[in-house]
Structure formats: C-alpha cells, structure tokens
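*Asks:* quick one: sequence plus predicted model below, questions after.
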Amino acid sequence: DTAVSQTPKYLVTQMGNDKSIKCEQNLGHDTMYWYKQDSKKFLKIMFSYNNKELIINETVPNRFSPKSPDKAHLNLHINSLELGDSAVYFCAIGRRGRQETQYFGPGTRLLVL
Amino acid sequence: QKEVEQDPGPLSVPEGAIVSLNCTYSNSAFQYFMWYRQYSRKGPELLMYTYSSGNKEDGRFTAQVDKSSKYISLFIRDSQPSDSATYLCAILNNNAGNMLTFGGGTRLMVKP
C-alpha cells in the first residue's frame, strides 16, 4: 500500500479555471504538506498543516488554499489558474516533532493552457 | 542568494565510481540535514538525515555535514545504474515553522 496517494496524476486545464488536487495518507501522520516543483526541479514548500496549525509560505498566492476534510486528507484548491501555476505538485506527510522525516506522494502534473 | 545551493549537474560517472554530491547553505540556524532521491516522474524519497556535524553511513551511502563551513555532502560508493536519479539536499530549521528548504537538485547518471 502506498503511504501517500494523490489524484489526479495529470491535470490539463484552461487558464482561469478552478481545480482541486486530492491527497490521502494511510500512515496516521499528523502533519501534511504541499510542495510545488517547477520545471527546473526546484521544490518549494507551500503549506504545512496539522489539525492545530496551518503554516503558509508567504510567497504562495491566496488563490491557493489547502482544505482538510479529515486527518487522512489534505486537498489543494487552486482558483483562477494561471500559466505560471503549471508545475508538479507534491503532497507529503510527517509527524509533529519529526519534520526531518517526510514521505512524499507521487505528484500531480498540472498543465495550464 | 538562495538559502540552499546545489550544482544542477548533470553528473555522469561510470558504474562502480564513488560519487560526491554537495550542497551549501547560508542560514546557520538550520538544524537537520536530509538527502532525498527522486527518480524521473516520481516523488522524492528520503535517503538519509542527520543533525550533527560529522559522518553518517547507511550501506553504500554516507552523509557528511560540516556546520562550520555550512557544507553538506552525500557520497555513494560502488555506484550502480539504478542510482541514476536527481538528488536533493534539504534542510530544516525547527525554529522557522518546521519547513524543509530544498536545494535545486543534482542530476546523476551512472553509466554501465
């Protein structure tokens, strides 16, 4: 069983649309993350979330919002998609107090046309 | 200047060679140092982590940290074609939201 799964794997959409990417984990870790990896492979944290605290990277536009329906899921909603949002988005999980050990999902490849 | 710098490569070596991958960082408050491996079209996977200066060994992999010069290294002994991937260093500052800061990754190719 994969510890972290993401859907969809690929997402092609038009500029201006609103889309969501789903993340699910089965390890019971209390902290979930979203990362963005651009075309140059540079991986950057977007959000860190557990049931008590949401930490937002200040460079992330407010068109991006994480939503957690329960402890096993952290979805990423993106409004008014822009060309520059094209990237690979990774969900990751970790444990509070053990942030040095994070497990990544397989990624969602988003292409905005 | 980026907080974590890494030569993007590509680094091409013959099978069996010793590989040295390096990162430099600028913030002396960083406390944990990680190496991730990322195969093409896959998510990063954690290889090793350490929090102190010195060496940490795991099989063919050795992570080395020199906090005085803000320099971290990953050595791969007896490199295999299956080691061909992008290697990302990552650094954690427990006092800054506990978020990982990644280097840009070094692409390694091990030729049979």
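*Replies:* That came through fine.
*Asks:* what about the helices in chain A?
*Replies:* With DSSP state H as the criterion, chain A has no helices.
*Asks:* residues from it in reach of chain B?
*Replies:* Counting by C-beta under 8 Å from any C-beta of the partner chain, the residues of chain A close to chain B are A:4, A:33, A:40-45, A:48, A:55, A:57, A:90, A:92, A:99-107. No exception for glycine: its C-beta is placed from N, CA and C like everyone else's.
*Asks:* give the buried subset of these as a ChimeraX selection command.
*Replies:* Selection of buried members from the residues of chain A next to chain B for ChimeraX, criterion 16 or more other C-beta atoms under 10 Å in any protein chain shown:
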select /A:4,33,41,42,43,44,45,48,55,57,90,92,99,100,102,103,104,105,106,107
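*Asks:* the spatially most central residue of chain A and chain B, how far apart?
*Replies:* Chain A has A:Trp34 as the residue nearest its centroid, 3.1 Å off, counting by C-alpha atoms, centre = their mean. Note on A:Trp34: its distance to chain B, by C-beta to the nearest C-beta, to the nearest Å, is 11 Å.
*Asks:* ok, which stretches of chain A are strands?
*Replies:* Using DSSP state E, the strands of chain A run over residues A:4-7, A:10-13, A:19-25, A:31-37, A:43-50, A:53-56, A:64-70, A:73-78, A:87-95, A:98-104, A:108-112.
*Asks:* can you count the residues close to residue 5?
*Replies:* Reading this off chain A. 15 (other C-beta atoms under 10 Å in any protein chain shown).
*Asks:* let me rephrase: I mean chain B.
*Replies:* 15.
*Asks:* what's the answer for B:Gly103, then?
*Replies:* 28.
*Asks:* show me what contacts it?
*Replies:* Residues in contact with B:Gly103 (C-beta atoms under 8 Å, 6 or more residues apart in numbering or on different chains) are B:Lys2, B:Val4, B:Glu5, B:Gln6, B:Cys23, B:Leu88, B:Cys89, B:Ala90.
*Asks:* try B:Tyr71
*Replies:* Per C-beta under 8 Å, 6+ apart, neighbours of B:Tyr71: B:Asn22, B:Cys23, B:Thr24, B:Val65.
*Asks:* let's verify the nearest residue in space to the first one that is not next to it in sequence: helix, strand, or coil?
*Replies:* Put plainly, it is B:Asn22. Once flanking residues are discounted, B:Asn22 sits nearest to B:Ser73: 5.0 Å by C-beta to C-beta, 6 or more residues apart in numbering or on different chains. B:Ser73 falls in the strand class when you classify it by DSSP: H, G, I helix; E, B strand; the rest coil.
*Asks:* helix or strand right after the lowest-mean-pLDDT helix or strand in chain B?
*Replies:* When the helices and strands of chain B are compared on mean pLDDT, DSSP states H and E, strand B:100-102 comes out lowest with a mean of 88. Sequence order places strand B:106-111 as the next helix or strand after strand B:100-102, per DSSP states H and E.
*Asks:* which positions within that next one qualify as buried?
*Replies:* Per 16+ other C-beta under 10 Å, strand B:106-111 contains these buried residues: B:Thr106, B:Arg107, B:Leu108, B:Val110.
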